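[1] Sequence and computational prediction follow.
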Amino acid sequence: MQSRKTSVDLWHQKPYYSLDAWCKNTYGRKLYKAALDIGCTCPNRDGTLDTRGCIFCSAGGSGDFAASRQLSVTDQLTQAKSLLSSKWIPEPGKPSLIAYFQAYTNTYGDPDRLLSCYEEALSSPEVAGISIATRPDCLSDIILEGLDRLQLLYPDRFIWIELGLQSIHDHTAARIRRGYPTSVFYDAAAKLHARRLPFIVHLILGLPGETRLDLLESIRAVNQVHPFGVKLQLLHILKGTDLALLYEAGKLPVLTQEEYLDLLTSCIAALSPDICLHRVTGDGPRKLLIAPQWSLSKRNVLNGLHALMKQRNLRQGDNYEPGTSYTL
């Protein structure tokens, strides 16, 4: 566990261990995400489990910022480089892109095609590594064996798996139509650890019916599986989702900025200081976002978070409880 004095240097003056800090500590520079869409679907969309998706998921399958699925991976990366040109100039021998397979479930489909897409990204000289967004119930042995092979072929590139957990509570999972029991998440985490594949756990703050205690139990349970990273995401109400119908019917309150920052601060303080925090808010697409509108000002949210943590004299891990477990 990092001491406060040590973390000042390793965390680059933030009160938590951010992805940006990890990149600078590991590569000596900032890395930039290129969001990709490789034409995947999801068992919650194609009729295997359901056709409606999770109640918060937009028609873009959480990949609303991704490039066009009509383009090859290479062409999508080229497009991303163009969009990043105002803040990033590629340097030979210094890969600075994270190829983020974001839209829908990116381990669900034909394994040969999927593995070919991952390899196409890994082979790009400007890609430092890849991050694959998926579901814990969509990690087949064929995909995992293929990822093992790619780790051997590209030892200088990282491969991350991002698991959409959202909550450890099965009553919440049923409410949001997640489609798998939490036991599946624990099985997936064990498989990934066994293959030395770093994984990131996605949690949502503000889910329908979730209490502060529910949320902190999710944080503490995730601590126990020792992921490489965690993403903490504000619940967004997006057009065209079942969540939007609940909101418009007055059946779903949304968090104010003050409520969100209060919850977020508590979550970060309870999170193990050894876990890299990949996200502390979220970018809802402006054209789809119904609420909360305050989330569009990401800078205000981050500034408010840092100010509140300073005011409360809190840093990541201050309320971490090693060894705490819960009966789920």
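    Structure's in. What do you need? Residues are numbered from 1 along each chain as shown.

[2] residue boundaries of the helices in the stretch 101-250 of the chain?
    In order along the chain, the stretch 101-250 of the chain carries the following helices (DSSP state H, counting those that start in this stretch): 111-122, 141-153, 170-176, 182-194, 212-225, 242-248.

[3] Tell me the helices and strands packed up against the fourth one.
    The contact analysis (3 or more C-beta pairs under 8 Å, 6 or more residues apart in numbering; DSSP states H and E) places helix 182-194 against strand 158-166, strand 199-205, helix 212-225. From N, CA and C alone the C-beta is placed, and that goes for glycine too.

[4] mind listing what's buried in that helix?
    Using 16 or more other C-beta atoms under 10 Å as the test for burial, helix 182-194 gives 182, 184-186, 188-189, 191-192.

[5] likewise the fifth one?
    Judged by neighbour count (16+ other C-beta under 10 Å), helix 212-225 contains these buried residues: 215-223, 225.

[6] can you check stretch 75-92 too?
    Buried residues in stretch 75-92 (16+ other C-beta under 10 Å): 76-77, 80-81, 84, 88.

[7] Give me the subset of these lying in helices.
    Secondary structure of the buried residues of stretch 75-92 is defined by DSSP state H; positions in helices are 76-77, 80-81.

[8] Which pair of these spans the longest distance?
    Longest distance between any two of those is 9.9 Å, between Gln76 and Lys81; criterion C-beta to C-beta.

[9] one step back: min pLDDT across the buried residues of stretch 75-92, which one?
    The member of those with the lowest pLDDT is Trp88, at 87.

[10] wait, isn't that one in contact with Tyr32?
    Yes - assessed by C-beta atoms under 8 Å, Trp88 is found in contact with Tyr32 at 5.4 Å.

[11] overlap in contacts of these two?
    Ser96 (C-beta atoms under 8 Å, 6 or more residues apart in numbering).

[12] Spit out the residues that contact Gln76 and Lys81 alike.
    Residues touching both Gln76 and Lys81 comprise Ala34, with contact defined as C-beta under 8 Å, 6+ apart.

[13] Return the set of buried residues in stretch 107-121.
    For stretch 107-121, the buried set under the neighbour-count rule, 16+ other C-beta under 10 Å, comprises 107-109, 111, 114-115, 117-121.

[14] which residues touch the nearest residue to Tyr320 once chain neighbours are set aside?
    Spatial nearest neighbour of Tyr320, excluding adjacent residues (C-beta to C-beta, 6 or more residues apart in numbering): Ser272 at 5.2 Å. The neighbours of Ser272, taking C-beta under 8 Å, 6+ apart as the test, are 1, 223, 226, 317, 320, 322.

[15] Specify the local secondary structure of Ser272.
    coil (DSSP: H, G, I helix; E, B strand; the rest coil).

[16] Show the pLDDT at it.
    At Ser272, the pLDDT value in this model is 97.

[17] separation between it and Gln316?
    Summarising the geometry, the distance separating Ser272 from Gln316, computed by C-beta to C-beta, to the nearest Å, is 8 Å.

[18] what is in contact with the two at once?
    In terms of C-beta under 8 Å, 6+ apart, Ser272 and Gln316 are not both contacted by any residue.

[19] Against Leu197, how distant is the residue lying closest to Glu119 once chain neighbours are set aside?
    The shortest distance from Glu119 to any residue that is not its chain neighbour, by C-beta to C-beta, 6+ apart, is 6.1 Å, and that residue is Leu150. Counting by C-beta to C-beta, the separation of Leu150 from Leu197 is 10 Å.

[20] Between the two, which contacts overlap?
    Joint contacts of Leu150 and Leu197 (C-beta under 8 Å, 6+ apart) are Ile159.

[21] any idea which of the buried residues of stretch 107-121 is the one closest to Thr241?
    Tyr108 (20.1 Å).

[22] The closest one touches Pro43, doesn't it?
    Yes - between Tyr108 and Pro43 there is a contact at 6.4 Å, judged by C-beta under 8 Å.

[23] Quick check: neighbours shared by these two?
    Counting by C-beta under 8 Å, 6+ apart, the residues touching both Tyr108 and Pro43 are 135, 138.

[24] still on that earlier bit, of the buried residues of helix 212-225, just say which sits nearest to Thr281.
    Of those, the one sitting nearest to Thr281 (C-beta to C-beta) turns out to be Leu215, at 15.2 Å.
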